[in-house]
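Engineer: This is a predicted model, with the sequence first.
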Amino acid sequence: MKKHIFSLYFLLFLFALPPAQAQQTPAIPINTVVEKVQKFFTVYPVEKISVHFDKPYYAIGDTLWFKTYLGRNLVEYDPSKIAYVEVLNSKDSLIQVMRVPLKDGAGNGHLVLDPQFLSQDNYRFRAYTKWMANFDQGFFFNKIIPVGDAINKKLSTNITFEADGSNRTKALLQFRDRTGTLLSRKKITWEANDGWDAFDKGKGETDDMGRLTVSLNSKNKELLTKGRLVVKIENDKLSPNLVGDFSLSNALVETDVQFFPEGGDLISGIAKNVAFKAVSSNGKGLAAKGKIINSKKETVAEFADLGLGMGVFSMMPISGETYKAVVSFENGQEKTVDLPAVVDKAVNLIAPKQDDTSILVGVVTNESHFATVQNQPFYILAQSNGHLVYGAQASLKNTSMLIKIPKEGLPNGIVQITLMTADGKPVSERLVFLENEKLLDIQVKSDKDNYARKDAVNLNIAVNKGAEQIPGTYSVSVIDESKVPYDDDNDNSIVSALLLTSDIKGYIEKPNYYFNTKHENRLDALDALLMTQGFRRFAYADLIAEKLPEINFLPEQGISLSGTLRLNTGRTFPNGGLLLSVPARALRKDVYTDANGRFTFDNLVFPDSSKVTISARGNDNFRSLVINMDQTFFPAIDQKNPYAANNIQNIDQDLTAYLTNSKNEFRTSILIDEVLVTAPVVKQVTSKDFSALSGLSMADHRIDASRLSGCNILTMCLNTMLTGIVYDTQTLKYYVSRNYNQGSRVPVQFFLNGMPIDEPSLNSIQTADIEAIEIFLRDDLGTVSRTYQNDGVVSIMTKKEKKQPRMSLAEIESLLPKSNVIDMFPLGYVKERIFYYPKYTEANKNVNDYRTTIFWNPEIQLNEQGEATVNFYNADGTGKYKVVVEGMDQTGNIGRTIYYYNVN
């Protein structure tokens, strides 16, 4: 098998086409263009991340298991040894960050879906390396994973929408309690809001079937579709009211269709393929068909999508003519839209087909423009996976020219072909997908075709059986598909992630569809997708002008902690000694500061939540030294989440089988109903207890001390807990999200027990001392904002201690934080944990087993023949069990397979 990770000194073959006679001298020679482009590719390696999860969705209380794979295109550099996996909720708030160590390009971890911190929602998992953070976030790995709740959730809901005018819609809701009983004849109040302000509200009562119809109205369509519907169901005095919270992103279903001529233009007199993409307002494709008409309303072409709202048709544009598309969508809507204008002067690329040895690319223009461009030099460049694989200078001798790009040695994936003028200006582009070689041949075979419940299972896994064996890393999951039904086309597998979605910005619906061989039209559909998308990892014009991306982070080789050692006068302290220790790991390491007082502890290894101490007390003048630690950088969160199209609107309904099983599995956690306990009222500390904040109205949000349990570094916790507030990594300040998104950069003001403090002071606050945090997103009277020129207030209140006897000066000094010693709990590596599966004998088979993930192993070890055997036991579920194996060898070849066996 051929290596797909190229050397830094990849040999570029220039296929020079025979130039026409009297060819003009190019402004920038082809060799110069190639050298500058190749410089970028050799200095800026491409890294990609894929994440394999044990199953597609979960319930609160589950443990989520995952494995990260690092794809890269170069070998002669030290790749990243750390991947980051972030968890974001449906409101794009960061919930958790996991630091995953990578060994041989892979690492694994787990996440306990703790009911204390998580609720039912559609969570987005985003994965990247710090090297990837130097470039566009659009190439990070992203996946939506729904999480239901069968433990704490007391209200089960279902919501659908019906259009009722341009700015009106009807929300049809149905309510059940957690036992499944319909909530009939219940009084309800509701409001639609933008997160703060209500733009519509009303009251109602459910019918005998627990249903309610809510008519929503907003003059602003964007406000409506970005809003939320909050419904409160009144209960009796002994039971709390039930509250439902729904996204309105699907409230107004609007349609859109766009047309993309191959190569970029509709050139008069040239028959061109035109791709189209029909989508609804939620970003998902809509089945569409229609016809193209000219200005005389004559039909010149007809079209229908190949699936997912995309397709291709051919037409012959005529100079001076205009064209419209009359489109019918699957939801019954119809629309007439203009096609791009016909142009008389353009040169385009087309890619008619591939043969066994070459990608066939055409350069075309029309007769009227040929006289202008004849003998003018053009450059054709092709790159694949961060390698310039083809470069040529050519000029047109006729209105069309055929170029053959050899496929030999090229990896699977997207090939970007660009036509540019001799001064380096791109004028046309075509993306082509190359299936040049087979993926890893992964075979799975069970020792039996049919099993009984709780039977022992032996699975044999073989990779490229009978061929040369290359070491690799593989992961396997086994799930009970009767409890976890899932359309595999929706998955973003290692194949679709590393060959497709990591090279295309934005949302791609059903990415695995294009690699599922049961779909006969998958390659045609993939070509239509590429004609409607753009590849923008770089701009050729910038590379030729040597405007290379700014690099802020090198590939991480381990955990690093850095900072500056200063005298208490503020001056830096060179050649100062510092000692780092991690008591739980018996780790000690010392460094000395450089001439600027800077220090760095490199290649640290410790699990998350470990206490780390850095001390400067070994210096003679340690009492006058101050340690300042650098903040850890994390990429900003893209607020307009394009992957929200994969959110499940009705989790309770769509995950019924899974949540019913989860309820059985955790039924002991929900048998006890709430009881009313009476006790003397303890006065709750509030911001109104402090004169500086007494003019504020009621807090918008309150964080009690219990939610800070397990919080080690206050600022990291605030970044995820401050509802309605966003942290800017550039200014290092906090802002009210709504105003920040509208361009305001007036920061939030923090207070500690009524006294104003700045952001750097936050980490000096011990989280164990905090009683509560109150968030004020507005200051209606301006009592605070006029004084501090702020927008929003965060008030931190500490616990009141009982009056203690007077302390001596020495005792007071002992309580003060030591500036020359810092205790911290930085983000460490995700903690190791082994997946547990039971082993059954006849004596213990009577125990109920509700497992949905039957087996998970992220570190399958193959023998010299490329085989491995795994053993486990089935659960009580019957039906099909699904085995998914993914992996990558050391040369970058990837593979995936699915296997089924039956349990009766």
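Structural biologist: Noted; the coordinates are in hand. Numbers count the residues shown, from 1 in each chain.

Engineer: What is the subsequent helix or strand relative to the longest helix anywhere in the chain?
Structural biologist: Identified as the longest helix of the chain according to DSSP state H is helix 30-43. Sequence order places strand 47-53 as the next helix or strand after helix 30-43, per DSSP states H and E.

Engineer: Can you give me the buried ones in the longest helix of the chain?
Structural biologist: Using 16 or more other CB atoms under 10 Å as the test for burial, helix 30-43 gives Ile30, Val33, Val34, Lys36, Val37, Gln38, Phe40, Phe41, Thr42. Bear in mind the C-beta positions are built from the backbone N, C-alpha and C, glycine included.

Engineer: again with stretch 494-513
Structural biologist: 494-505, 507-513.

Engineer: Ok, stretch 218-231 next?
Structural biologist: Buried residues in stretch 218-231, counted by 16+ other CB under 10 Å: Ser218, Leu223, Leu224, Thr225, Gly227, Arg228, Leu229, Val230, Val231.

Engineer: Phi and psi next, for the third one.
Structural biologist: The main-chain torsion angles of Leu224 are listed as degrees, to the nearest 10 and equal phi -70, psi -50.

Engineer: residues in contact with it?
Structural biologist: Residues near Leu224 by CB atoms under 8 Å, 6 or more residues apart in numbering: Asn167, Thr169, Ala192, Phe199, Leu216, Ser218, Leu248, Ala251, Leu252.

Engineer: lowest average confidence, helix or strand, in this protein?
Structural biologist: Using mean pLDDT, DSSP states H and E, the weakest-scoring helix or strand in the chain turns out to be helix 809-815, at a mean of 64.

Engineer: helix or strand right after that one?
Structural biologist: The helix or strand immediately downstream of helix 809-815 is strand 821-824, counting by DSSP H and E.

Engineer: Straight-line length of stretch 368-386, end to end?
Structural biologist: 37 Å (CA to CA, to the nearest Å).

Engineer: so how far is Val112 from the residue nearest the centre of the chain?
Structural biologist: Per CA atoms, centre = their mean, the C-alpha nearest to the average position across the chain is that of Asn142, at 2.6 Å. From Asn142 over to Val112 the distance is 22 Å, taken as CB to CB, to the nearest Å.

Engineer: so what does whatever helix or strand Lys324 lives in touch, helix or strand wise?
Structural biologist: Using DSSP H and E, Lys324 falls within strand 323-329. On a contact count with 3 or more CB pairs under 8 Å, 6 or more residues apart in numbering; DSSP states H and E, strand 323-329 meets strand 255-261, strand 272-280, strand 288-294, strand 334-338.

Engineer: Out of those strands, indicate the one that is most buried.
Structural biologist: Looking across these with neighbours counted as mean count of other CB atoms under 10 Å, the highest average goes to strand 272-280: a mean of 22.

Engineer: tell me the average confidence for that one?
Structural biologist: Here strand 272-280 scores 95 as its mean pLDDT.

Engineer: Just list the residues touching Asp92, thanks.
Structural biologist: Asp92 makes contact with Arg124, Ile637, Asp638, Gln639, Asn641, according to CB under 8 Å, 6+ apart.

Engineer: wait, isn't Thr63 in contact with Lys55?
Structural biologist: No: here Thr63 does not reach Lys55: they are 11.0 Å apart, not a contact under CB atoms under 8 Å.

Engineer: higher neighbour count, those two?
Structural biologist: Neighbours of Thr63 and Lys55, each counted by other CB atoms under 10 Å, are more numerous for Lys55; the result is 23 against 16.

Engineer: Does the more buried one touch Pro485 like I think?
Structural biologist: No: using CB under 8 Å, Lys55 makes no contact with Pro485, being 10.8 Å away.

Engineer: Name the residues of stretch 579-587 that are buried.
Structural biologist: Neighbour counts over stretch 579-587 (16+ other CB under 10 Å) mark Leu579, Leu580, Ser581, Val582 as buried.

Engineer: again, but for stretch 708-719
Structural biologist: For stretch 708-719, a neighbour-count test (16+ other CB under 10 Å) marks Leu708, Cys711, Asn712, Ile713, Leu714, Thr715, Met716, Cys717, Leu718, Asn719 as buried.

Engineer: who's in contact with Glu117?
Structural biologist: Just so we're on the same page, residue 117 is Phe rather than Glu. By CB under 8 Å, 6+ apart, Phe117 lies in contact with Ile95, Arg707.

Engineer: likewise Gln684?
Structural biologist: For Gln684, the contact set (CB under 8 Å, 6+ apart) comprises Ala772.
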